[in-house]
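A.B. asks: Okay, predicted coordinates and the sequence, questions at the end:
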2 protein chains.
Amino acid sequence: MNDNTVVRPVFFVSDRTGITAENLGHALLTQFTSIKFEHHSLPFIDSEEKAQLAVDSINMIAQTSHQKPLVFSTLIDDDYRKIIAVSNAYIIDFFDTFIKPLEQELCTPSSHAQGLSHGISNEVVYMSRMEAVNFALKNDDGTSTREYHNADVILIGVSRSGKTPTCLYLAMQFGLRAANYPLLDIDMADGRLPEILLPYRNKLFGLTISAERLRMIREIRRQNSEYASMAQCRKETRMVQLLFEQENVSCIDSSHISVEEIATSIIQLMKINRPPIY
Amino acid sequence: MNDNTVVRPVFFVSDRTGITAENLGHALLTQFTSIKFEHHSLPFIDSEEKAQLAVDSINMIAQTSHQKPLVFSTLIDDDYRKIIAVSNAYIIDFFDTFIKPLEQELCTPSSHAQGLSHGISNEVVYMSRMEAVNFALKNDDGTSTREYHNADVILIGVSRSGKTPTCLYLAMQFGLRAANYPLLDIDMADGRLPEILLPYRNKLFGLTISAERLRMIREIRRQNSEYASMAQCRKETRMVQLLFEQENVSCIDSSHISVEEIATSIIQLMKINRPPIY
């Protein structure tokens, strides 16, 4: 049955959101490119009854698909884990695998408290993340520069080079205050930074992008427009590259990397002291 | 040395962003509430030289702190993993722990290809996530309702009940098109849904919030304002609760849960068929 056409069912079981289980499970499954997986999320398994219903779902899929499901679990409660353990599945239990060795290494029993990840485990940190999201929205696309003195980073680049999603990700994931300012033709004409940005030189970070990629992204936005034309994209990407060189602005090419990768690179390259995730 | 005042250094080592390593590491460490951890991220360890530099950092901290660091690693390359393995640390290697059992269970060798998680492993999925972020921004705060027919979900609730960050998270993490519409006093006065929302009834999802929590959040925004007063917050939270009951709108209380939890609950309660993460 294990040929390439088989679809293997996968369950992500958690007492809270299941995001951690899904992230790590996905990281492992991407290593098996020849197999197709069918994902099922079972979040908020926080009672024996729900754990039993989860087992029923897993067993039903096992029966109908004639495939033993994989189960990635971050369940913490021993009772719920025991219930899931009897399902007709191959179970990868993140908690069980690591918590005992960690208890030994740390010479401390674990609290076995559920819901501490991806929740509001620290009110101050959580509120600062939400405030950072507000900050990114208020300081998006150069609409206002009045709060730039409070920014952790100010992204600059041509329109559609990935500034806005990166700012939102920096805010949501890391609680960083990220503003962004779009560089128009007119801003770059003399090869100097716009004057309004000069007081914040040490917070600037540039995003470059290939003309081909920019054209593709702009086409989705405004089909067959001058704005999305290859000539315009070539012109802007060349100008911005020159500007960053001339003004010595740290930058990264956003063409083929994700917002997660851009954000992580910015933090690393600018040596931003960010708080741990959540 | 293992008493409660000790700060234990923790490293998250990865060939890409390190987000998976940090998420799972954090989920495990929150189980040890009596210990303080000091987090260090070492992303983009994608050469032997960088792996060696990572070992140097880990060993230096081990020496200066007189504490054996914990290392959570998602490194995939065998050579880099071997280099890290000799550092003076307690290493939790996610890849090594699970990949061999998975290879056996799946009867397939793993590809050992790095960078498939939190990157652009699937261009179509990635672009749809970015488009979903644009959608959330364009359809934020009721500014426009013209694209509501394309929405996967339309969040409704009073100002500052968590609609915008939840929409952005639904878009960024899950690629869902989430709009939001703020319910003002005037919208709720007759206990009926605003007419403009009626065609989209099956996409509506309500956020409720306690008056106390709302007041606290609004105070951050506009201190000592009528808008943030207890009387106003009580009035609005009561009206919205009544409206949702009257109109039979599914809803969730956002007072004490995170955007991740709100988003996951919405997907579950509305039975939205979302793609797997990334």
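C.D. replies: Done, it's in.

A.B. asks: Okay, helices next: where are they in the stretch 51-200 of chain A?
C.D. replies: With DSSP state H, counting those that start in this stretch, the ranges of helices along the stretch 51-200 of chain A come out as A:78-85, A:94-106, A:123-138, A:163-174, A:185-188.

A.B. asks: any idea which of those is most buried?
C.D. replies: helix A:163-174 (a mean of 26; mean count of other CB atoms under 10 Å in any protein chain shown). The C-beta positions use only the backbone N, C-alpha and C, and glycine is treated the same way.

A.B. asks: so for it, what's the average pLDDT?
C.D. replies: Helix A:163-174 comes out with an average pLDDT of 96.

A.B. asks: Name the surrounding residues that touch that helix.
C.D. replies: With contact meaning CB atoms under 8 Å, 6 or more residues apart in numbering or on different chains, helix A:163-174 is reached by A:129, A:132-133, A:135-137, A:139-141, A:152-153, A:155-157, A:176-180, A:182, A:207, A:254, A:259-260, A:262-263, A:266-267, A:274-275, A:277, B:19, B:130, B:133, B:137, B:165, B:168-169, B:172, B:259.

A.B. asks: Got phi/psi on the residue of chain A positioned farthest from its centre?
C.D. replies: Most distant residue from the mean C-alpha position of chain A: A:Asp190, 36.1 Å away (CA atoms, centre = their mean). For A:Asp190, the backbone dihedrals (degrees, to the nearest 10) come out as phi -100, psi 10.

A.B. asks: could you measure it against A:Leu242, distance?
C.D. replies: Plainly put, A:Asp190 is 11 Å away from A:Leu242 if you go by CB to CB, to the nearest Å.

A.B. asks: Likewise for A:Cys233?
C.D. replies: Per CB to CB, A:Cys233 is found 15 Å from A:Leu242.

A.B. asks: Which residue of the two possesses the greater neighbour count?
C.D. replies: It is A:Cys233, of A:Cys233 and A:Leu242, that has more neighbours when counted by other CB atoms under 10 Å in any protein chain shown, with 24 against 12.

A.B. asks: Report the contact partners of the more buried one.
C.D. replies: A:211-212, A:214-215, A:218.

A.B. asks: quick check, nearest of these to chain B?
C.D. replies: Nearest to chain B, judged by CB to the nearest CB, of these is A:Arg218 at 12.3 Å.

A.B. asks: So for that closest one, what's the nearest residue that isn't a sequence neighbour?
C.D. replies: Once flanking residues are discounted, A:Arg218 sits nearest to A:Ala228: 3.7 Å by CB to CB, 6 or more residues apart in numbering or on different chains.

A.B. asks: okay, now that neighbour: neighbour count?
C.D. replies: 19.

A.B. asks: Let's see stretch A:142-161 as CSV, backbone CA atoms only.
C.D. replies: What follows is stretch A:142-161, C-alpha atoms only, in CSV (Å, rounded to 0.1, in the frame of the first residue of the first chain):
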residue,chain,number,x,y,z
GLY,A,142,4.3,55.9,4.9
THR,A,143,0.8,57.2,5.8
SER,A,144,2.3,58.7,9.0
THR,A,145,5.9,59.2,10.1
ARG,A,146,5.1,60.9,13.4
GLU,A,147,5.7,57.7,15.5
TYR,A,148,8.9,56.6,13.8
HIS,A,149,10.9,57.5,16.9
ASN,A,150,9.1,54.6,18.6
ALA,A,151,9.8,52.1,15.9
ASP,A,152,12.1,49.2,16.3
VAL,A,153,12.6,49.0,12.6
ILE,A,154,11.5,51.0,9.5
LEU,A,155,11.3,49.0,6.3
ILE,A,156,11.9,50.7,3.0
GLY,A,157,11.5,49.5,-0.5
VAL,A,158,9.5,49.8,-3.7
SER,A,159,5.7,49.2,-3.7
ARG,A,160,5.0,45.4,-3.4
SER,A,161,8.4,44.3,-2.2
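
A.B. asks: Now it: buried residues?
C.D. replies: Going by neighbour count (16 or more other CB atoms under 10 Å in any protein chain shown), the buried part of stretch A:142-161 is A:142, A:145, A:148, A:151-161.

A.B. asks: Could you give the number of residues near the residue nearest to A:Ile252 when sequence neighbours are not counted?
C.D. replies: Nearest non-adjacent residue to A:Ile252, counting by CB to CB, 6+ apart: A:Ser265, 5.3 Å away. The number of residues packed near A:Ser265 is 20, by other CB under 10 Å.

A.B. asks: same deal with A:Met60?
C.D. replies: 12.

A.B. asks: Also A:Gln246?
C.D. replies: Counted with other CB under 10 Å, A:Gln246 comes out at 13.

A.B. asks: That one: helix or strand, and which one exactly?
C.D. replies: A:Gln246 belongs to helix A:230-247 when assigned by DSSP states H and E.

A.B. asks: pLDDT of that helix, averaged?
C.D. replies: Mean per-residue pLDDT for helix A:230-247: 97.

A.B. asks: Which positions within that helix qualify as buried?
C.D. replies: Going by neighbour count (16+ other CB under 10 Å), the buried part of helix A:230-247 is A:232-233, A:236-237, A:239-241, A:243-244, A:247.

A.B. asks: Tell me the gap between that helix and the middle of its chain.
C.D. replies: Here helix A:230-247 is found 28 Å from its chain centre; the criterion is CA atoms, centre = their mean, to the nearest Å.

A.B. asks: and A:His256, helix, strand or coil?
C.D. replies: Recorded secondary structure, A:His256: coil (DSSP: H, G, I helix; E, B strand; the rest coil).

A.B. asks: tell me the contacts of it?
C.D. replies: If you count contacts by CB under 8 Å, 6+ apart, A:His256 has them with A:213, B:120.

A.B. asks: can you list the domains in chain A?
C.D. replies: Chain A resolves into domains spanning A:7-106, A:123-269 when parsed by automatic domain parsing.

A.B. asks: Regarding the first one, how distant is the last residue from the first?
C.D. replies: Using CA to CA, to the nearest Å, the end-to-end distance of domain A:7-106 comes to 41 Å.

A.B. asks: Wasn't A:Phe37 part of a strand?
C.D. replies: Yes. A:Phe37: assigned to a strand according to three-state DSSP.

A.B. asks: Run a quick neighbour tally on it.
C.D. replies: So A:Phe37, with other CB under 10 Å, has 18 neighbours.

A.B. asks: Also the one 10 residues further on?
C.D. replies: By the other CB under 10 Å criterion, the neighbourhood of A:Ser47 contains 13 residues.

A.B. asks: and what of A:Asp56?
C.D. replies: Neighbourhood size, A:Asp56 [other CB under 10 Å]: 11.

A.B. asks: thinking again about what came up before, tell me the mean pLDDT over the helix or strand that the helix holding A:Gln246 is followed by?
C.D. replies: Using DSSP H and E, the next helix or strand after helix A:230-247 towards the C-terminus is strand A:251-253. Average pLDDT, strand A:251-253: 98.

A.B. asks: With stretch A:100-117 instead?
C.D. replies: 84.

A.B. asks: ok, and what's touching it?
C.D. replies: Against stretch A:100-117 from outside (CB under 8 Å, 6+ apart): A:15-16, A:20, A:46, A:74-78, A:99, A:278, B:2, B:8, B:23, B:26-28, B:30-35, B:70, B:90, B:92.

A.B. asks: Inside strands: which ones of those?
C.D. replies: Among the contacts of stretch A:100-117, the ones falling in strands (DSSP state E) are B:8, B:70, B:90, B:92.

A.B. asks: correct me, but the second one touches B:Val10?
C.D. replies: Yes. Counting by CB atoms under 8 Å, B:Leu70 sits close enough to B:Val10 to count as a contact (4.7 Å).
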